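Chemist: prediction below, plus the sequence it came from.
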Amino acid sequence: MTKMKLVLVAMMTMVLSACASGPRIYTDADPAADFGQFRTFAFVEGAGKDAEAQYQTLSGQRIEDAINQAMVSRGYQLDIHAPDLLINFHLNTAEKMRSSPPVRVGGYYGYRSGVYVGWPGYVEPGYVDSYTEGTLSIDLVDRRTRQMVWEGTAVSRVTSAVREAPNETVRAAVASIFAQYPYVAGNSVPRALAQ
């Protein structure tokens, strides 16, 4: 196998393993926030609701249920009257396109230079890949200061398998985001994150 083919195979393996491993997760936290003061939570009014119709979507309800479960499993209690943390979330999809130009594989062999003409090689065809990308963002806000203290985002392709299993997809996305949340209720010392 030529060097270029090995590089292409390695790149495709990395891309496929990245896709198979689940959504890409991004998080950020306010370094000045004291997470030890947070013991209760509630959802902001309008979280998961359709902006125009003002009702909660099925996806919104699934996300809220999964976030509720993640927070309770970390010792937080739901308190709709005076919560320490307010939770907001947003689900968005966007049409994306990826393309690759044709790549010439083989052809030039330096040791043949000036002696004879080598086989010209072949061209890997380029491609255009259209897909839907889904983004789920979760914000934790200090209710007293109205400042966001932590955010987590999951980004992934929306495939037919995702559309056919919305409950499992939402639970997995929320679990992936909260796997990167290092706190439990009432404790300001971050715990080790699962890798």
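Modeler: Thanks, I have it.
Chemist: for the chain, what spans make up the strands?
Modeler: Taking DSSP state E, the strands of the chain run over residues 24-29, 40-43, 77-78, 85-100, 103-105, 122-124, 127-142, 147-157.
Chemist: what's near enough to touch L136?
Modeler: 23, 63, 89-91, 153-154, 170, 173-174, 177 (CB atoms under 8 Å, 6 or more residues apart in numbering). (C-beta placed from N, C-alpha, C; glycine too.)
Chemist: nearest residue to it other than its sequence neighbours?
Modeler: A154 (4.8 Å; CB to CB, 6 or more residues apart in numbering).
Chemist: and for A82?
Modeler: T40 is the one closest to A82 (CB to CB, 6+ apart), at 7.4 Å.
Chemist: quick check: mean pLDDT of stretch 177-184?
Modeler: Per-residue pLDDT values over stretch 177-184 give a mean of 93.
Chemist: tabulate the strands of the chain (CSV), appending distance to V184 and mean pLDDT.
Modeler: Compiled in CSV, these are given as follows (distance: least, CB to CB, whole Å; pLDDT from 0 to 100):
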stretch, distance to V184, mean pLDDT
strand 24-29, 15, 92
strand 40-43, 13, 96
strand 77-78, 12, 96
strand 85-100, 13, 82
strand 103-105, 50, 61
strand 122-124, 50, 61
strand 127-142, 13, 82
strand 147-157, 13, 91
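Chemist: got a winner among the contacts of L136 for most neighbours?
Modeler: A173 (27 neighbours; other CB atoms under 10 Å).
Chemist: who's in contact with the nearest residue to it once chain neighbours are set aside?
Modeler: Nearest non-adjacent residue to A173, counting by CB to CB, 6+ apart: A154, 4.5 Å away. Taking CB under 8 Å, 6+ apart, we find A154 in contact with 23-25, 135-136, 173-174, 176-177.
Chemist: quick one: the strands of the chain as CSV, columns for distance to R163 too.
Modeler: Formatted as CSV, the strands of the chain follow (distance: least, CB to CB, whole Å):
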stretch, distance to R163
strand 24-29, 19
strand 40-43, 25
strand 77-78, 30
strand 85-100, 11
strand 103-105, 33
strand 122-124, 31
strand 127-142, 9
strand 147-157, 11
